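Novice: Quick one, fold the following:
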Amino acid sequence: PWVIFALIIVSIAFLEDINLSKKYPDKYAEYRKRTPFLIKLPKTLNLIASFPLRYILKKSFPETKKDVLKVVIFYGMIIIILSLLILLMLPLFYQ
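Specialist: Purely as a prediction, here's the structure:
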């Protein structure tokens, strides 16, 4: 359940970001430069966390609902695959 909630929160934030970018293009672009997306992360961690987004879209932020869907599906797949790998590795630690 936490994965679904996290992806919903990120989706809503991306959609709000798109709407504000259209409504206030100049002001919001300046605001976006000064503030982190959801939480402030160290630069290296931020680059790692945003790599899938930049890899899929070839840009820093989604600009359409279709972009948001692509990114959320991709991040969801990453989380599911990592979770399955961890689940499969757990028996190795409890032998």
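
Novice: Can you give me the buried ones in stretch 62-82?
Specialist: Neighbour-count burial for stretch 62-82 flags 62, 67-68, 70-72, 75 (criterion: 16 or more other Cβ atoms under 10 Å). Every C-beta, even on glycine, is put in place using the N, C-alpha and C of the backbone.

Novice: ok, so of the residues you listed, who is nearest Arg34?
Specialist: Of all those, Pro62 has the smallest distance to Arg34: 19.6 Å, by Cβ to Cβ.

Novice: which SS class is that closest one?
Specialist: Under DSSP: H, G, I helix; E, B strand; the rest coil, the three-state class of Pro62 is coil.

Novice: For Leu53, see how far away it is.
Specialist: Per Cβ to Cβ, to the nearest Å, Pro62 is found 7 Å from Leu53.

Novice: Now for those two: what residues contact both?
Specialist: Common neighbours of Pro62 and Leu53, counting by Cβ atoms under 8 Å, 6 or more residues apart in numbering, are Val71.

Novice: Find the nearest non-adjacent residue to Asp17, please.
Specialist: Phe61 (6.4 Å; Cβ to Cβ, 6 or more residues apart in numbering).

Novice: Which single one of the buried residues of stretch 62-82 is nearest to Asp26?
Specialist: Pro62 (19.4 Å).

Novice: show me the contacts for the closest one.
Specialist: 14, 17-18, 53, 68, 70-71.

Novice: Model confidence score at it, please.
Specialist: Note on Pro62: pLDDT of 94.

Novice: Quick check: phi and psi at it.
Specialist: The phi/psi pair for Pro62 (degrees, to the nearest 10) reads phi -70, psi 140.

Novice: Would you check how far apart it and Asn46 are?
Specialist: The spacing between Pro62 and Asn46, counted by Cβ to Cβ, is 16 Å.

Novice: ditto for Lys59
Specialist: In terms of Cβ to Cβ, Lys59 sits 16 Å off from Asn46.

Novice: higher neighbour count, the two?
Specialist: Asn46 (14 against 10; other Cβ atoms under 10 Å).
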